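A.B. asks: structure for the following, please:
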Amino acid sequence: VRVTNANGTPTCILNLVGTQVMIPGGRALLQFTFQHPMLQQQHERLRCYQICACLHGTELACFNYTNRVKTKTFVFDTRHSYVEEDTDSISMGLTLPLDCPCTISTDL
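C.D. replies: The predicted structure follows:
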């Protein structure tokens, strides 16, 4: 996944591993790559100073097969890392806690 700002200027490439379906105790691995051939083709590239990621979820109450109401929001794990100027890539892992009340499914 190419990470950009609101104007479409690229910052890095994000690789995701283990994020399709997560069960309690599972890990999602993220790798942010700053020196990538696809990014070096761009003349303008944003400098990145810090990476932050979180694993969060929302509990919805469904009724009448069409209506959904948000009942709870969870933040399961967070990570951050500072990015030095000559950094090629940063890897980090997010863990779904063992006492997590659910299994997470995403479209990534």
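
A.B. asks: can you tell me the strand partners of the longest strand anywhere in the chain and which way each runs?
C.D. replies: In the chain, taking DSSP state E as the definition, the longest strand is strand 67-82. Using DSSP bridges, the strands paired with strand 67-82 are strand 50-63 (antiparallel).

A.B. asks: now do the partner strand: distance to the chain's middle.
C.D. replies: 11 Å (CA atoms, centre = their mean, to the nearest Å).

A.B. asks: quick one on the thing from earlier: contacts for the longest strand of the chain next, please.
C.D. replies: Strand 67-82 is contacted by residues 49-63, 90, 92-97, 100-101 when judged by CB atoms under 8 Å, 6 or more residues apart in numbering. Backbone N, C-alpha and C define where each C-beta goes, glycine included.

A.B. asks: now stretch 46-61
C.D. replies: Among residues not part of stretch 46-61, those counted as contacts by CB under 8 Å, 6+ apart are 5, 9-12, 22, 28, 30, 32, 34, 68-83, 85, 90, 92, 94-96, 101-102, 104.

A.B. asks: tell me the secondary structure at residue 24.
C.D. replies: coil (DSSP: H, G, I helix; E, B strand; the rest coil).

A.B. asks: can you report how many residues lie near the closest residue to it other than its chain neighbours?
C.D. replies: Of all residues not flanking residue 24 in the chain, residue 100 sits nearest, at 4.3 Å (CB to CB, 6 or more residues apart in numbering). The burial count assigned to residue 100 is 19, neighbours taken as other CB atoms under 10 Å.

A.B. asks: what is the mean pLDDT for the helix or strand containing residue 13?
C.D. replies: In this structure, residue 13 is located in strand 10-17 according to DSSP states H and E. For strand 10-17, the mean pLDDT works out to 86.

A.B. asks: list the helices and strands it packs on?
C.D. replies: Contacts defined by 3 or more CB pairs under 8 Å, 6 or more residues apart in numbering; DSSP states H and E place strand 10-17 against strand 2-4, strand 27-33, helix 37-40.

A.B. asks: mean neighbour count, the ones you listed: which tops it?
C.D. replies: Per residue and on average, the most neighbours among the helices and strands packed on strand 10-17 fall to strand 27-33, with a mean of 17 (mean count of other CB atoms under 10 Å).
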